[in-house]
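Visitor: Below are the sequence and a predicted model; questions follow.
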Amino acid sequence: MSSSELPIEAQLAPPKSSQTASQQAEIEAIVATQRQYFNSGKTRPLAFRQGQLQALRSAIQRYESQIQSALKQDFGKSAFEAYATEIGFVLDELTHTLKHLPEWVEPEEVKTPLVHQPGSSQIVYEPFGVTLIIAPWNYPFQLLMDPLIGALAAGNCAVVKPSELTPATSRVMTELIKNTFDPHYVTSLEGGTEVSEVLLDQQFDYIFFTGSTRVGRIVMEKAAKHLTPVTLELGGKSPCIVDRGVPLEITARRIVWGKFLNAGQTCVAPDYILVPPEMKVDLIQEMARCLQDFYGTDPRQSPDYARIVNENHFDRLTSMIRPEQVALGGQHDRKERYIAPTILSPVDWDDPLMNEELFGPLLPVLTYRSLEEVIEKIQSRPRPLALYLFSENKAHQQMIVNRLSFGGGCINDTVIHLATPYLPFGGVGTSGMGSYHGRFSFETFSHRKALMQRQLKFDVPLRYPPYPGWKEKVVRRIMK
Ligand code: NAD
């Protein structure tokens, strides 16, 4: 075919460099061999899935110290946080999955309507096939491994792409995967947008993406081409509402912990606080006290306080710190990518701080007079990934839960709703679609195949033509 015979899109496309072309060929080959592997049926038996999940568990235990030092290298994550929010978190998910997988894989018996009797009905959980998992940098280990557990538990193959912004952790995970799994079954591909783009051009059977809302849109657009189903775990601004009458000491402690964990680089961190004006000063004072208890007088010296992932994010965050708004903190050091826990006040709804997800250790404190006002403001903005309400007033709790839409959240705590396998974790609206953790991960990565079983010994002729009037009468009596 001469170039003039190519479709117009191909003629207009810029020529591919040989490196991109070879990467594309490599990725196409990976997906093709994974599809063959999946079609062979090897990944389906329960014993195979259990064996692979056990192998993953042993590998994580073997690599634990390497994962921990990679996380330290990438953004100064403390050993405690590295275990509690990444390694231990994933091991816990593995334990839960291995324990329950035998019951999850069983077909689910459901009722059969009278008109279809005699018969029986089942929901059969079948793997989608070759899945793609794209992970962000902020919990680089957990956010890649947790969905992978779901994908493998459900009997799929997987191509995973860790984030390029945490190169040390990405390297260790890629090595761990390479030394644990047959590449026809699970492969990790490192790289940035260029690799993601080639990956998204392939036909996958399921795409699980965690990252920003902006890239989530791109992923969904690309998935639409092949009609590939997606889970999008995205971000947004998660409000934290403090009601009148709550004990401030414990409230402040729980907010400060959830906000400054991982230096605020947590998708479900409280993004901003809403507090009645008369409580603002006391709450800020209490938060200042907690920060000192947690990280000492100079958080820079604390081994438990993380760093910002890179200079771009450091510059983005520091450009938003206006000295006249700093109620606490504000110190920063680009060389170390250190930003002190920073509380900002006064802030109103039109402030630039309120435009986008902060994703760092900046905590604006806004004031409100009534919960009605809070509801109206939050309703007028994109639906948050998380929402937190500190309140002991049952009517107020009901009001917020019933009238505001958000991915998930807590009453009288922050962040921990994601640390349980019994709650689905995910967003709504621009904060995402779909959910995972525990059984929800298994269900996310499974197609629910509907199956009705009949017998062939006799037949009720009601549904077959011709349709004399008595048949319609009978149908009308049964179906109403
Ligand atoms: P990001 O969207 O920039 O990147 C996520 C992944 O997408 C990375 O692997 C990256 O290489 C890839 N990517 C980047 N550009 C791409 C493109 N044009 N096409 C295809 N792939 C592309 O997000 P991030 O900065 O790594 O993570 C921060 C965001 O993720 C925040 O918004 C945060 O709220 C969100 N997040 C959400 C959750 C959740 O569970 N809902 C968890 C963690 C982070």
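Guide: Arrived safely. Just so it is clear, the structure is predicted and the values come from calculations on it, not from any experiment.

Visitor: How about the contacts made by residue 416?
Guide: With contact taken as CB atoms under 8 Å, 6 or more residues apart in numbering, residue 416 is in contact with residue 410. For glycine as for every other residue, the C-beta is placed from the backbone atoms N, C-alpha and C.

Visitor: how about a cut-off of 6 Å?
Guide: Residue 416 sits next to no residue when contact means CB atoms under 6 Å, 6 or more residues apart in numbering.

Visitor: Next: the one 5 residues further on.
Guide: With contacts defined as CB under 6 Å, 6+ apart, residue 421 is in contact with 96, 437, 438.

Visitor: count of neighbours near the residue in the chain that the ligand sits nearest to?
Guide: Of all residues in the chain, residue 235 sits closest to the ligand, at 2.2 Å by CB to the nearest ligand atom. A count of nearby residues for residue 235, using other CB atoms under 10 Å, gives 30.

Visitor: Could you do residue 232 as well?
Guide: Residue 232: 23 neighbours (other CB under 10 Å).

Visitor: Any residue of the host helix or strand of it touching the ligand?
Guide: For residue 232, the element it lies in under DSSP states H and E is strand 230-233. Yes - shown here: strand 230-233 in contact with the ligand (CB under 6 Å from any ligand atom) through residue 233.

Visitor: same for that strand, what does it pack against?
Guide: Contacts defined by 3 or more CB pairs under 6 Å, 6 or more residues apart in numbering; DSSP states H and E place strand 230-233 against strand 206-210, helix 213-226, strand 432-433.

Visitor: what do you get if the cut-off is 10 Å, keeping everything else the same?
Guide: Where contact means 3 or more CB pairs under 10 Å, 6 or more residues apart in numbering; DSSP states H and E, strand 230-233 is packed against strand 130-134, helix 142-153, strand 206-210, helix 213-226, strand 432-433, helix 439-444.

Visitor: who's in contact with the helix or strand containing residue 199?
Guide: In this assignment (DSSP H and E), residue 199 forms part of helix 193-201. With contact meaning CB atoms under 10 Å, 6 or more residues apart in numbering, helix 193-201 is reached by 16, 19-21, 23-28, 30-31, 132, 134, 159-161, 163-164, 189, 191, 207, 209, 211, 215, 218-219, 221-223, 225-226, 228.

Visitor: residues contacting the residue sitting nearest the centre point of the chain?
Guide: Nearest to the geometric centre of the chain sits residue 233, at 3.8 Å (CA atoms, centre = their mean). Shown in contact with residue 233 (CB under 10 Å, 6+ apart): 134-136, 143, 146-147, 208-211, 216, 267, 385, 407, 425-427, 431-436.

Visitor: what's the neighbour count on the closest residue to residue 180 other than its chain neighbours?
Guide: Closest residue in space to residue 180, ignoring its immediate chain neighbours: residue 59 at 4.3 Å, by CB to CB, 6 or more residues apart in numbering. Neighbourhood size, residue 59 [other CB under 10 Å]: 16.

Visitor: contacts for stretch 36-53?
Guide: Stretch 36-53 is contacted from outside by 34, 93-95, 97-98, 101-102, 104-106, 126-131, 148-149, 151-158, 180-186, 205, using CB under 10 Å, 6+ apart.

Visitor: Let's see the ChimeraX selection covering just the buried ones among those.
Guide: Remark: buried members of the contacts of stretch 36-53, expressed as a ChimeraX selection using 16 or more other CB atoms under 10 Å:
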select :34,93,94,97,98,101,104,105,126,127,128,129,130,131,148,149,151,152,153,154,155,156,157,158,180,181,184,185,186,205
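
Visitor: Of the contacts of residue 421 - the most surrounded one?
Guide: Most surrounded of the contacts of residue 421: other CB under 10 Å gives residue 437, at 23 neighbours.

Visitor: neighbours of the residue nearest to that one when sequence neighbours are not counted, just the number please.
Guide: Take residue 437 and drop its neighbours on the chain: the residue closest to it by CB to CB, 6+ apart is residue 425, 4.6 Å away. Neighbour count for residue 425, taken as other CB under 10 Å: 25.

Visitor: try residue 299
Guide: 21.

Visitor: show me what contacts it?
Guide: 260, 263, 291, 292, 305, 329, 331, 338, 339, 340, 341, 361.

Visitor: how about the residues of the stretch 251-400 of the chain that lie near the ligand?
Guide: Neighbours of the ligand within the stretch 251-400 of the chain, by CB under 6 Å from any ligand atom: 267, 357, 359, 385.

Visitor: buried sites along the helix or strand hosting residue 255?
Guide: For residue 255, the element it lies in under DSSP H and E is helix 248-260. By 16+ other CB under 10 Å, the buried positions in helix 248-260 come out as 248, 251, 252, 253, 254, 255, 256, 258, 259, 260.

Visitor: how about the residues of the stretch 101-250 of the chain that lie near the ligand?
Guide: Going by CB under 6 Å from any ligand atom, the residues of the stretch 101-250 of the chain near the ligand are 134-138, 143, 161, 163-164, 192-193, 196-197, 200, 210-212, 215, 218, 233-235.

Visitor: rerun at 8 Å
Guide: Contact residues, the stretch 101-250 of the chain versus the ligand (CB under 8 Å from any ligand atom): 134-139, 143, 161-165, 191-193, 195-197, 199-200, 209-216, 218-219, 222, 233-236.

Visitor: of the residues you listed, buried ones?
Guide: Looks like those have 134-139, 143, 161-163, 165, 191, 195-196, 199-200, 209-213, 215-216, 218-219, 222, 233-236 buried, using 16+ other CB under 10 Å.

Visitor: returning to what we had before: in helices, which of the contacts of stretch 36-53 appear?
Guide: Members of those lying in helices (criterion: DSSP state H): 34, 93-95, 97-98, 101-102, 104, 148-149, 151-153.

Visitor: Select, from the residues you listed, the two members most distant in space.
Guide: 34 and 95 (26.9 Å; CB to CB).

Visitor: right, and residue 77 touches residue 308 too?
Guide: No - taking CB atoms under 10 Å as the definition, residue 77 is not a contact partner of residue 308, at 12.0 Å.

Visitor: moving C-terminal of the longest helix along the chain, what's the next helix or strand?
Guide: In the chain, with assignment by DSSP H, the single longest helix is helix 46-75. Per DSSP H and E, helix 46-75 leads on to helix 79-82 as the next helix or strand towards the C-terminus.

Visitor: quick one: average confidence on that next one?
Guide: The average pLDDT within helix 79-82 is 93.

Visitor: what's stretch 250-257 in contact with?
Guide: 240, 242-243, 246, 269-270, 273, 275, 279, 282-291, 293-295, 341, 343, 363, 388, 390-391, 410, 412-416.

Visitor: for stretch 429-448, which positions count as buried?
Guide: By neighbour count, with 16+ other CB under 10 Å as the criterion, the buried positions of stretch 429-448 are 429-447.

Visitor: check those against the ligand, which are close?
Guide: Counting by CB under 8 Å from any ligand atom, the members of the buried residues of stretch 429-448 near the ligand are 431, 432.

Visitor: Can you flag the buried ones in the contacts of stretch 250-257?
Guide: Counted by 16+ other CB under 10 Å, these give 240, 242-243, 246, 269-270, 273, 275, 279, 283-284, 286-288, 290-291, 294-295, 341, 343, 363, 388, 390-391, 410, 412-415 as buried.

Visitor: Among those, which lie within strands?
Guide: If you go by DSSP state E, the buried ones among the contacts of stretch 250-257 have 240, 242, 273, 275, 343, 363, 388, 390, 410 in strands.
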